[in-house]
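>>> how would this look folded up:
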Amino acid sequence: MPLLPDGSEKGLRSHMEERGVRRRNGLAPAAGEVLRNAPYKRIATEEAWTFPELVKAQVAFFEHGGRADASLGMAGMFAAMPRLQDMLQDLGELRLAHMDEYGIDRQLLLLTAPGVQVLPEREGTAFARMANDLAAEACGRHPDRFSALAAFDPRDVAGSVKEIERAMSTLGLNGAVLNSHFQGHYLDEQAYWPILECLEAMDAALYIHPTAPFNAPHYQYRGFYGALGGFPHDVWVHTMGLIFSGAFDRFPKLRLVIGHLGECLPLHLYRFDWMQNNADGAPGLRGQAEPVVLKETVSSYFRNNIWVTTSGVGYEPAIRFCMEQLGPERVLYAMDYPYQQSSDEVAAYDRMDFSPEHKLMLMQGNAERVFNLPR
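Numbering: from 1, shown residues only. Sure, this is the predicted structure:
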């Protein structure tokens, strides 16, 4: 989302109000013809939420020393949009009403960007625990409608491991979510690998969700701060970093999920394989003394360790391409509520010309398997 060249938020807030959020009191363009008796459940797997205490803490930190952090700036901007906050913070009647309107059977709740890792380090894990308790409570109230991923603060490695274990074993959550970089760091750095080890051991899929890029100013200057550029590029770096770090060789059962049809990464698998030796085996990367030599091609990791969701890309040719290249079992439906939602888009999925088997996998079955959801 664009900021003015001087870094102010006025232009960004006005842009958001005028280009979508303002007209979402009913939250959708004119309703499409959603199939109300579809032969599949619609499980939406990238659905955002937050809670008042976290928003308040993010804004307070932004206003008292965190203004250089673009992710915190994004939090401050969203906090000033009351209707958006109503949707994000509601885990009850309002959200369920919108799900019913769009024909969504189950939402997978993801703590929205920028998450807990933008707070002072001493606070992140405590807020992650609070988030996970609230998410678990919502799932307990509506077990047939909500499932949730666990938040964690990767800057606190030991605390993250403990919280992921608690969330999976005690709270019954369905994986973990990280809002990409944390002050320019990524999980490909080996200091954070105990978190990956824990995720694999707990059979917990990791969803990497976008946030504002660490090197945000040149994106802001051109209006590409959010979904047009900064968001997908940051997840691109995180995903490719994990591959080239050797993380999937070290943790071969680790499951990674990324949204927006893989942030266009599946389009480049041929080129990634062709150019793999540019980084594969290069010394000194990530400050490591020994070079990392991958056991497989880049495309192999996409077809064995990575799943993509369709959040924000209800476009049949692109979805079909990902199914063909990655496998129909590796593509999951998502809406991206409340940032992007439309009954027209849901209706478009109903009209997509996939086989009944693949449509069932896309809308329901793949999500149930990847996130260990109730069936």
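>>> so what's the spatially most central residue of the chain scoring on pLDDT?
Central residue of the chain (C-alpha atoms, centre = their mean): His209, 2.5 Å from the mean position. The model reports His209 with a pLDDT of 98.
>>> where along this protein do the strands fall?
43-49, 106-111, 146-148, 150-151, 176-178, 206-208, 256-258, 306-309, 331-332 (DSSP state E).
>>> so which bits of stretch 194-202 are buried?
Ile195, Leu196, Cys198, Leu199, Glu200, Met202 (16 or more other C-beta atoms under 10 Å). Placement of C-beta: from N, CA and C, glycine included.
>>> list the residues that contact the nearest residue to the residue nearest to the centre of the chain once chain neighbours are set aside.
Of all residues not flanking His209 in the chain, Asn179 sits nearest, at 5.1 Å (C-beta to C-beta, 6 or more residues apart in numbering). By C-beta atoms under 8 Å, 6 or more residues apart in numbering, the contact set of Asn179 is Ser71, Leu111, Thr112, Ala113, Pro114, Gly115, Gln117, His209, Pro210, Thr211.
>>> need the contact partners of stretch 136-148.
In contact with stretch 136-148 (C-beta under 8 Å, 6+ apart) are residues 91-92, 96, 99, 105-110, 132, 135, 167, 171-174, 371, 373-374.
>>> out of the residues you listed, which are buried?
Buried residues within the contacts of stretch 136-148, defined by neighbour count using 16+ other C-beta under 10 Å: 91, 96, 99, 105-110, 132, 135, 167, 171, 173-174, 371, 373.
>>> re earlier: among the contacts of stretch 136-148, which are in helices?
Using DSSP state H, Leu96, Met99, Asn132, Ala135, Ala167 are the members of those that sit in helices.
>>> kindly reformat those as TSV containing pLDDT and distance to Phe251.
Shown next, in TSV, are these (pLDDT from 0 to 100; distance: C-beta to C-beta, whole Å):
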residue	pLDDT	distance to Phe251
Leu96	98	37
Met99	97	34
Asn132	98	22
Ala135	98	25
Ala167	98	19
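>>> ok, the closest residue in space to Pro120 that isn't next to it in sequence - contacts?
Closest residue in space to Pro120, ignoring its immediate chain neighbours: Phe61 at 6.5 Å, by C-beta to C-beta, 6+ apart. The contact partners of Phe61, by C-beta under 8 Å, 6+ apart, come to Leu72, Val118, Leu119, Pro120.
>>> could I have the buried ones of those residues as ChimeraX selection syntax?
Listed next is the ChimeraX selection for buried residues among the contacts of Phe61, using 16+ other C-beta under 10 Å:
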select :72,118,119
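>>> using a markdown table, lay out the contacts of Phe61 together with pLDDT and distance to Val157.
Formatted as a markdown table, these follow (pLDDT from 0 to 100; distance: C-beta to C-beta, whole Å):
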| residue | pLDDT | distance to Val157 |
| --- | --- | --- |
| Leu72 | 89 | 22 |
| Val118 | 94 | 17 |
| Leu119 | 95 | 16 |
| Pro120 | 94 | 17 |
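>>> just the contacts of Phe61: which are in helices?
Counting by DSSP H, the contacts of Phe61 contribute Leu72 to helices.
>>> from the contacts of Phe61, which is closest to His268?
Taking C-beta to C-beta as the measure, His268 lies nearest Val118 of the contacts of Phe61, at 29.6 Å.
>>> wait, the closest one sits on Asp69?
Yes: between Val118 and Asp69 there is a contact at 6.0 Å, judged by C-beta atoms under 8 Å.
>>> quick one: Gly184 and Ala57, what's the gap?
21 Å (C-beta to C-beta, to the nearest Å).
>>> more neighbours: the two, which one.
A side-by-side neighbour count of Gly184 and Ala57, using other C-beta atoms under 10 Å, places Ala57 first with 20 against 8.
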